[in-house]
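1. sequence and predicted structure, then a few things I'm wondering about:
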Amino acid sequence: MKKFFLSNWQIVLIVVLSLFIVWPLFIPGYFSHHDDLHVIRIIEMRKCFADFQIPCRWVPDMGYGNGYPIFNFYGVFPYYLGAVASFVLGYIGATKLLFFLPLVFGGVGMYILAKELFGKIPGFVGAVLYLFAPYRALDSYVRGAVGESFALAIIPFVFYFFLKLVKSKERRYFVLATVSTGLFFVSHNIMTLIFTPVLLIWILFWLHKEKWKATRLAILSFVISFGLAAFFLLPAFMEKGLVQTESLTRNELDFRAQFVKVSQLFIDRSWNYAGSAPLSANTISYQIGWPLWWLVAMSFIAVVFRKKRKNVLLFTFLFLIFNFGAFMAHNKSSFIWENIKILSFVQFPWRFLSIVIFSGSLIGAYFISFFKGKHLYLLTITFSLLAIILNWQYFRPEHFYKDVTDESKLTGASFIDQQKGSLLDYLPKTALEPRELAPTEPQVTRGEAIVSDFVNKSDSWSFRTNVSQEAIIEVPVFDFPNWTVYVNGEKYPHSNKNVIGRIMLTLSSGEYNVSGKFLNTPTRTIANTITVVSLLSLALIYAKGRKFFV
């Protein structure tokens, strides 16, 4: 153990320094943040587990109690992990774990990547810069963007494993690159959109440098990683027309209202817990962070004026990514946003700060690698302390709520608030925004009938009814492909032509057992199959595919 600590003291120190940014998670209770829906998402995922709805797509309690297909479209990996952890830690404890893990492992991942590129000491500086980047504090303690935080923690590992795969062609790195990329793809849609082009250029860069020797392995790894994530990626993209995605890009979510100034990126260090309003004094912070961008500027000067240059192509790649990310956050890039329509779903141009802090941290490590001896250690200590001192105070929420427990979060007005949270994000096309909580049982809207024994699960519902006069019964569940209704065991027609878009059926006089089942569309079935085949292929290649790694 002592030998391990001595040989890996940088990782140990990074974990210790992480205490400066995770300490709020150890305070009893809960804390404020914008996206306060993680607890209910974990609850809903747990219900999917109980009903064997794997992969989870439809949840019963959100959508103001009408249910909706959040996990068909919203990054799922953190909530699978949170649901498993909740069996041990409870719901609030599991939610805090979802904040804790990316904050710590983001720094560890950046160290491993930067160390491979520039050495242990420069790698340590890069990790500290990434660990204390203000944008990561914004994600965790202001916005509560758990999925984005996970993506930012995973992506350094993805870059590292592909780098090692291209260099070594080893089986373990093939598996690690494939699995880590698959997890990245199912963590956050927008980070996938932003980072995937950068990742592809990264892979091509190293393939070229290594004379294209691992081309087949790199392509196969990337394809299988996409296949592993296909259960989520394909429906999320191909079925987006089934939900009201226009709500994701209107008003304050329109990218045209979210460009930031150069001064906000480089100079302004004000910190606020309000929403994003770039033209207002009462807004969140959009800073790249000191001393991160200072090191980028000094690296550029060093490359231009030093006689002995090293890794100039790598620096150029990282420097271009850094500047491209900053450019995309500014309104001068509006012509790109206007012409690439899918970028509208990024919503906030300042989300490109993700690739800015990623590339900037690596550039910081690159600058430190120029020095040796006492100058190396002096600069390492100086810039590490500056990163900590200038930024650690951002890593705290605005308010702590010490009296919040699982019970209080799951009952009364608090639970109802979570049920109606983000209501319009994934509302089915056939539904209207509900103005009140869904009823707890089916409603007879015409005719005469008695309804009893209603059970509403994550992917099914059922009730009994005695109809004395032909009746229209409205089930408190939004209709969505492929909800299928059965009456006395036989498939039965239904509609959603009521006021709000719930499942509705007409029954003549008699006694009935009525049920509904959420079935897969062809797209979901194909996507699930691709994931299973990809998983089996990965296992087979690892076990039997020695020829791939020769």
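-> Perfect, thanks for sending it. Residues are numbered from 1 along each chain as shown.
2. what is the burial count for Asp268?
-> 15 (other CB atoms under 10 Å). For glycine as for every other residue, the C-beta is placed from the backbone atoms N, C-alpha and C.
3. would you mind writing the CA trace of the one helix or strand Leu535 maps to as PDB?
-> Using DSSP states H and E, Leu535 sits within helix 522-544. C-alpha atoms of helix 522-544 as PDB (Å, rounded to 0.1, in the frame of the first residue of the first chain):
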ATOM      1  CA  PRO A 522     -39.700  -1.000 -34.400                       C
ATOM      2  CA  THR A 523     -37.000   1.700 -33.800                       C
ATOM      3  CA  ARG A 524     -36.600   0.700 -30.200                       C
ATOM      4  CA  THR A 525     -36.600  -3.000 -30.900                       C
ATOM      5  CA  ILE A 526     -33.800  -2.600 -33.600                       C
ATOM      6  CA  ALA A 527     -31.900  -0.300 -31.200                       C
ATOM      7  CA  ASN A 528     -32.100  -2.800 -28.400                       C
ATOM      8  CA  THR A 529     -31.000  -5.600 -30.700                       C
ATOM      9  CA  ILE A 530     -28.000  -3.600 -31.900                       C
ATOM     10  CA  THR A 531     -26.900  -3.000 -28.300                       C
ATOM     11  CA  VAL A 532     -27.200  -6.700 -27.400                       C
ATOM     12  CA  VAL A 533     -25.300  -7.700 -30.500                       C
ATOM     13  CA  SER A 534     -22.600  -5.000 -29.800                       C
ATOM     14  CA  LEU A 535     -22.200  -6.200 -26.300                       C
ATOM     15  CA  LEU A 536     -21.800  -9.800 -27.400                       C
ATOM     16  CA  SER A 537     -19.400  -8.700 -30.200                       C
ATOM     17  CA  LEU A 538     -17.200  -6.900 -27.700                       C
ATOM     18  CA  ALA A 539     -17.000  -9.900 -25.400                       C
ATOM     19  CA  LEU A 540     -16.200 -12.200 -28.300                       C
ATOM     20  CA  ILE A 541     -13.500  -9.900 -29.700                       C
ATOM     21  CA  TYR A 542     -11.900  -9.700 -26.300                       C
ATOM     22  CA  ALA A 543     -12.000 -13.400 -25.700                       C
ATOM     23  CA  LYS A 544     -11.300 -14.800 -29.100                       C
END
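4. just checking, what packs against it?
-> helix 171-185, helix 215-228, helix 230-238 (3 or more CB pairs under 8 Å, 6 or more residues apart in numbering; DSSP states H and E).
5. now the second one: average pLDDT?
-> Along helix 215-228, the predicted local confidence has a mean pLDDT of 97.
6. what's in contact with that helix?
-> 162, 165-166, 169, 174, 177-179, 181-182, 185, 200, 203, 207, 233, 530-531, 533-535, 537-538, 541, 548-549 (CB atoms under 8 Å, 6 or more residues apart in numbering).
7. buried subset of those?
-> 162, 165-166, 169, 174, 177-179, 181-182, 185, 203, 207, 233, 530-531, 534-535, 537-538, 541, 548-549 (16 or more other CB atoms under 10 Å).
8. before we move on, back to that, pick the most buried one from the helices and strands packed on helix 522-544.
-> Scoring those by mean neighbour count under mean count of other CB atoms under 10 Å gives helix 171-185 as the most buried, with a mean of 22.
9. tilt between the next helix or strand after it and helix 230-238?
-> Going down the chain from helix 171-185, the next helix or strand is helix 189-209, by DSSP H and E. Between helix 189-209 and helix 230-238, the angle comes out at 110 degrees (axes from the mean of the first three to the mean of the last three CA atoms, to 10 degrees).
10. what comes up buried for helix 189-209?
-> Buried-residue list, helix 189-209, by 16+ other CB under 10 Å: Asn189, Ile190, Met191, Thr192, Ile194, Phe195, Val198, Leu199, Trp202, Ile203, Trp206, Leu207.
11. and of these, the nearest to Asn466?
-> Sorting the buried residues of helix 189-209 by distance to Asn466 puts Asn189 at the head of the list, at 46.2 Å, by CB to CB.
12. quick one, what contacts the closest one?
-> Counting by CB under 8 Å, 6+ apart, Asn189 touches Phe73, Tyr74, Gly75, Ala236, Phe345.
13. quick check: Leu292 vs Leu279, distance?
-> Distance of Leu292 to Leu279, computed by CB to CB, to the nearest Å: 25 Å.
14. can you pull out the strands in the stretch 451-550 of the chain?
-> 460-478, 483-487, 490-492, 502-507, 510-518 (DSSP state E, counting those that start in this stretch).
15. can you put these in CSV and add distance to Leu386 and mean neighbour count?
-> Rendered in CSV, the data for these read as follows (distance: least, CB to CB, whole Å; neighbours: other CB atoms under 10 Å):
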stretch, distance to Leu386, mean neighbour count
strand 460-478, 52, 19
strand 483-487, 56, 18
strand 490-492, 67, 11
strand 502-507, 57, 20
strand 510-518, 53, 17
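16. excluding chain neighbours, give the residue nearest to Glu511 in space.
-> Asn466 (5.1 Å; CB to CB, 6 or more residues apart in numbering).
17. could I get the contacting residues of that neighbour?
-> Asn466 makes contact with Ala449, Ile450, Gly510, Glu511, Tyr512, according to CB under 8 Å, 6+ apart.
18. among the contacts of Asn189, which one sits closest to Leu25?
-> Using CB to CB, those come closest to Leu25 at Gly75, 20.6 Å.
19. how many neighbouring residues does the closest one have?
-> With other CB under 10 Å as criterion, Gly75 counts 23.
20. check the one 4 residues further on too.
-> By the other CB under 10 Å criterion, the neighbourhood of Tyr79 contains 28 residues.
21. excluding chain neighbours, what is closest to it?
-> Nearest to Tyr79 is Met45, by CB to CB, 6+ apart, at 4.6 Å.
22. check Val128 too.
-> Excluding its sequence neighbours, the residue lying closest to Val128 (CB to CB, 6+ apart) is Ser384, at 4.6 Å.
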